[in-house]
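Enquirer: after the sequence you'll find the predicted model.
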Amino acid sequence: MTALVALTERVVHDALRNDLPFAALSPAANFIVFNFMLGNVIDTGGMSYPQYVLPVVVIQVIFLGALTTVDRAAHDERSNFGDRLRTLPISAVIPLMARMLYCLFRGAVALLAAVAVGYMFGFRMFGGFIYAAAFAVLVLMLTLALSLAADAAGVLSVNWRGGIAGSGAFTQFLLVPQMLLVMLSTGTAPADSFPDWLHSFVRNQPVSQVTQTLRGFATGHVVVSNLATSLAWCLGLLVVFGANAVRIQRRTQ
Amino acid sequence: MFVIELDSVAKTFDGAIQALEDVSFSVPTGSVCALLGHNGAGKTTAVKILSTLLRPTSGQATVAGYDVTRDPAQVRASIGSVGQIAALDWELTGRENLVLFGRLRGMRRKDARARADALIHQFDMLQAADRLVRTYSGGMMRRIDIAAGLMVPPKVLFLDEPTTGLDPRSRRDVWGLVSSLSAQGVTILLTTQYLEEADVLSDSIVVLNKGRIIANGTAEELKRRVGSGYCTVSPVNPADLSKIFAVVAELEGAEADYEANTVSVLAPDGVATLAEVFRRVDRLGVELVDIALRKPSLDEAFLHLTESVTT
């Protein structure tokens, strides 16, 4: 327990200058880009665009945030510091847990920053405290799932082809699914705005489902089947990515 | 009683590169053992296996009575491991690093601070302790690095090339440190490329070459096998070389090297041999550039040991 606290403090300390400021600022930047680029061209019916788009801004920010874990995990795997951690009488999973606690903290900071910016442009949590809390829980679940995946990618990047590619290449590669999932989702625009042949993908992919649920939490009206789909995605990804991250962390040469 | 025991340990990387082959040795409790060898000899691989960072491909190794593959957690609880390059968080101060490693070993923050204080005093690091590690010199980094391995006094301390890259003064400091730790009863396994270092610090030496043990014993035993040093003489005028050779020719192992402009004789008695050579040459009235005792270099030692293995 002491070890977990000490390592988490270390991650936070290291991130204080080089990562947390970006965690706090990137929601504003992303919100402004989405809102002013797409706000006047997309018909969201009765809902204002800030109200409509904020959930996908949050998703975008936690995607990008998860990618910062790739580097941290790769560094811990490759560095002498990481080697020394593996000679200490602590579980191999503790450094992973410390990085994940930091990711959740970072996710919470980004979420608060995003909601704060949204409020300045007219976004509101209409549903009250319970819905707002549900909004936060769903976002943090997805944050953890994506961070676990990014963490595993970081560890693998060190051993893949002798580390030639490096974690930077992995991060760039991971930007591709991130861009596709965010851009081709109903988070940025209703499905009708996309070409017909894309409709079924756009409607059913996880970012669309989760942003729809988040919009529901914000307005106070959730469709049960959509909530079930979102929860299934988040829990499923948590289990799959979590199991893999732990398995990768545990193996020794 | 042995605290480290290896029994026919082998390690193969990617099924092809043989890093260690049939390595067996043991280290008695409370002693200092040096693994001596060139780069790529397998020293670091051996230390990594003993500190549970790598699994042996075959064979058995135990540390403090625990098997490194079956009981890695118990092994980790018994060891302190200091790698080749400082394994510290460069964005923390030296003191913060010590406290961090103490807490990673389960110490409470207060106790870790007190222990860090004590080690900073013991290692004479008062001025540097509160600066960021990335501003440290190599010698200071090494000291904090070793101190971090001692926050909870280990039964066994692994030091992988503790003096590589250090200036002579810092090297002496580390030597002093190793001796005082050994005096406190810590068993130490260190790796080194320097015969002299192994000689000064260790009770026993294991010589590794290309993943195999080519010699194993006390420094004295090894030196006897490697052969004694040489006394070499160089005249100012190369033409005097043959005159010098003539007066020392009857001494053991006398040889003249006209290309290098030196005459050398074996010096089994060290300084006494040097004095004898000097007396003889002095009578000639020849002007000298240099007269010196030269210990066999590690290269010569290896050459000698590998030869004695193959013949």
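Expert: Structure's in. What do you need?
Enquirer: now do the contacts for the residue of the stretch 201-311 of chain B found nearest chain A.
Expert: Shortest the stretch 201-311 of chain B-to-chain A distance, computed as Cβ to the nearest Cβ: residue-wise this is B:Gly211, at 16.2 Å. All C-beta spots, glycine's among them, are computed from the backbone N, C-alpha and C. Under the criterion of Cβ atoms under 8 Å, 6 or more residues apart in numbering or on different chains, the neighbours of B:Gly211 are B:Lys11, B:Gln18, B:Ala19, B:Leu20, B:Glu21, B:Val23, B:Ala41, B:Gly42, B:Thr45.
Enquirer: wait, which of the residues you listed is closest to B:Pro238?
Expert: Closest approach to B:Pro238 among the contacts of B:Gly211 (Cβ to Cβ): B:Ala41, at 38.6 Å.
Enquirer: next up, the contacts around the closest one.
Expert: Under the criterion of Cβ under 8 Å, 6+ apart, the neighbours of B:Ala41 are B:Leu208, B:Asn209, B:Lys210, B:Gly211.
Enquirer: identify the bridge partners of the second one.
Expert: The residues paired with B:Asn209 through beta bridges, assigned by DSSP bridges, are B:Arg212.
Enquirer: so where do the strands sit in the stretch 51-200 of chain B?
Expert: Taking DSSP state E, counting those that start in this stretch as the criterion, the stretch 51-200 of chain B carries its strands at B:58-63, B:66-67, B:79-82, B:156-160, B:187-192.
Enquirer: around chain A, pick out the residues from chain B.
Expert: Contact residues of chain B with respect to chain A, defined by Cβ under 8 Å from any Cβ of the partner chain, are listed as B:13, B:51-55, B:73, B:76-77, B:79, B:81, B:83-89, B:91-92, B:100-101, B:103-109, B:148.
Enquirer: 6 Å - rerun?
Expert: On the criterion Cβ under 6 Å from any Cβ of the partner chain, chain A has as its neighbours in chain B the residues B:51, B:53-55, B:76-77, B:81, B:83, B:85, B:87, B:89, B:91, B:100, B:103-104, B:106.
Enquirer: so for B:Ala219, what's the pLDDT?
Expert: What the model reports for B:Ala219 is a pLDDT of 79.
Enquirer: not counting sequence-adjacent ones, nearest residue to it?
Expert: Sequence neighbours aside, B:Asp199 is the residue nearest to B:Ala219 in space, at 4.5 Å (criterion: Cβ to Cβ, 6 or more residues apart in numbering or on different chains).
Enquirer: now do A:Ala98
Expert: The spatially closest residue to A:Ala98, leaving aside those adjacent along the chain, is A:Leu7, at 3.6 Å (Cβ to Cβ, 6+ apart).
Enquirer: from memory that neighbour sits against A:Arg99, does it?
Expert: No. With contacts counted by Cβ atoms under 6 Å, A:Leu7 stays clear of A:Arg99, the gap being 8.4 Å.
Enquirer: pLDDT below threshold where in the stretch 151-300 of chain B?
Expert: Flagging of the stretch 151-300 of chain B using pLDDT under 70 yields the residue ranges B:226-228, B:297-300.
Enquirer: nearest to chain A: which residue in it?
Expert: Distances from the stretch 151-300 of chain B to chain A, computed as Cβ to the nearest Cβ, single out B:Phe158 as the nearest residue at 8.2 Å.
Enquirer: that residue: how many residues sit nearby?
Expert: The local packing count at B:Phe158 equals 26, with neighbours defined by other Cβ atoms under 10 Å in any protein chain shown.
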